[in-house]
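Asker: got a structure for you, letters missing:
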């Protein structure tokens, strides 16, 4: 009985203390009220609509090659906009991910269709891991080179975030 009372008192004090937490340290992202998607906007759902076909590869044996959907094929070499989380690849290269780094493709919790390789227009900016960005650039898909991303963007510019 005494343990139950102690627990209730401790829980009440904890709840009271957390209610006075400084709200300025809580980070939030703006809520977009307009839910329409422009025709030049890439979505992770669309990028995820992919199939694979197993074929022989000279160096790697049997490999799953991507089959990009027709909607994405129509966007080849066109300027598009997409939002996601920054994932550093090395000191000079970045990718944009559907998920934060802890749940990204490299950690085995997602597929390669959840990553877009980035090549920035001009100098590559310094970006922090998991920064949420909206970017625009020229979309390219890859169905043949197993040593490259399935999706890439060239001439990338940051539209929002940072």
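Answerer: Structure received. Note that the structure is a prediction, hence the values are computed from the model and not measured.
Asker: where does this structure dip in pLDDT?
Answerer: In the predicted model, the chain carries pLDDT under 70 at residues 1-40, 103-109, 162.
Asker: Tell me where it has helices.
Answerer: Assigned by DSSP state H, the helices in the chain fall at 2-19, 44-48, 70-73.
Asker: Across the sheet, point out what pairs with the residue nearest to the spatial centre of the chain.
Answerer: Nearest to the centroid of the C-alpha atoms of the chain, with distances taken as CA atoms, centre = their mean, sits residue 97, at 2.0 Å. Using DSSP bridges, the bridge partners assigned to residue 97 are residue 85, residue 115.
Asker: residues touching it, list them.
Answerer: 84-87, 104-105, 110, 114-116 (CB atoms under 8 Å, 6 or more residues apart in numbering). Every residue, glycine included, has its C-beta placed from N, CA and C.
Asker: Which one of those sits in the busiest neighbourhood?
Answerer: residue 116 (28 neighbours; other CB atoms under 10 Å).
Asker: how much space between that residue and residue 62?
Answerer: 26 Å (CB to CB, to the nearest Å).
Asker: cool, residue 81 as well?
Answerer: 36 Å.
Asker: and if you look at residue 130?
Answerer: As judged by CB to CB, residue 130 and residue 62 stand 34 Å apart.
Asker: quick one, which of those two is more surrounded?
Answerer: Neighbour tally, residue 130 and residue 62, criterion other CB under 10 Å: the higher count belongs to residue 130, 15 against 8.
Asker: How about the contacts made by that one?
Answerer: Neighbours of residue 130 in contact, by CB under 8 Å, 6+ apart: 85-87, 100-101.
Asker: now the strands: where do they sit in the protein?
Answerer: 50-57, 61-68, 79-88, 94-97, 115-120, 132-141, 151-161 (DSSP state E).
Asker: so who does residue 94 touch?
Answerer: Here residue 94 is in contact with 86-88, 118, 120, 124, 127 (CB under 8 Å, 6+ apart).
Asker: Just the buried residues of those.
Answerer: Among the contacts of residue 94, those scoring as buried are 86-87, 118, 120, 127 (criterion: 16 or more other CB atoms under 10 Å).
Asker: what's the farthest-apart pair in those residues?
Answerer: 87 and 120 (14.4 Å; CB to CB).
Asker: How many residues are close by residue 46?
Answerer: For residue 46, the count of nearby residues is 16 (other CB under 10 Å).
Asker: I'd guessed it sits against residue 68; true?
Answerer: No - at 10.3 Å, residue 46 and residue 68 do not qualify as touching, with contact defined as CB atoms under 8 Å.
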